[in-house]
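Engineer: Quick one, fold the following:
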Amino acid sequence: GARPFFTRSNLLQCLRRLPEPSPSLARRPLSRTVVLSAGEIDVREGIGGALLAGYDETCREAVARTAREYLRGVDEISKEFGTQVLLMPVAPHAHRSEKNGKAVGRRARRRRTVDWNAAVGQICREMAKE
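Structural biologist: Numbering: from 1, shown residues only. Below you'll find the model as predicted:
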């Protein structure tokens, strides 16, 4: 299963606090719906770390592995709570001036976010076929 960490623990507490569905909805397998935003800061700032120096397939692979584990955790939570989870894409890093030295890092974070959204979309399509 997904590794416990603060954000996941916080999400579980919030889901436990949701009101029970009405009797007419309770018969459905997924009787409640929540909207979840995939760790936007984690995606922009945290995935790939040292791999960004030579952004290549290795970083894309790290993003895809992380997305797959994230979605496994979301799927577990959905089943545990009988909750439909709608995932929002992660907004790419803003375009800013190329004049300072931060432009290379911003470009890499933007690419990583685009890769994350693409990986999540692809994995969700694969999971829907299962």
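
Engineer: Show me where this structure dips below the pLDDT cut-off.
Structural biologist: 1-6, 24-31, 39-57, 93-102 (pLDDT under 70).

Engineer: Which parts of it are helices?
Structural biologist: Using DSSP state H, the helices of the chain run over residues 6-17, 23-26, 40-41, 57-81, 103-129.

Engineer: Can you lay out these as CSV showing distance to M88 and mean neighbour count?
Structural biologist: No exception for glycine: its C-beta is placed from N, CA and C like everyone else's. What follows is these, written out as CSV (distance: least, Cβ to Cβ, whole Å; neighbours: other Cβ atoms under 10 Å):
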stretch, distance to M88, mean neighbour count
helix 6-17, 14, 11
helix 23-26, 23, 10
helix 40-41, 9, 12
helix 57-81, 12, 17
helix 103-129, 10, 16
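
Engineer: I'd like those as TSV, with distance to V34 appended.
Structural biologist: TSV is the format used below for the helices of the chain (distance: least, Cβ to Cβ, whole Å):
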stretch	distance to V34
helix 6-17	7
helix 23-26	14
helix 40-41	16
helix 57-81	9
helix 103-129	16
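
Engineer: Any idea which of the ones you listed gets closest to P92?
Structural biologist: P92 sits nearest to helix 103-129 of all the helices of the chain, at 4.5 Å, using Cβ to Cβ.

Engineer: And R8, how close does it get to E130?
Structural biologist: 23 Å (Cβ to Cβ, to the nearest Å).

Engineer: Also P23?
Structural biologist: 31 Å.

Engineer: A91 is in contact with R110, isn't it?
Structural biologist: No. Here A91 does not reach R110: they are 10.0 Å apart, not a contact under Cβ atoms under 8 Å.

Engineer: Just give the number of residues close to P21.
Structural biologist: Each residue near P21 was counted by other Cβ atoms under 10 Å, and the total is 15.

Engineer: and V85, what is it in contact with?
Structural biologist: T33, V34, V35, L36, V74, I77, S78 (Cβ atoms under 8 Å, 6 or more residues apart in numbering).
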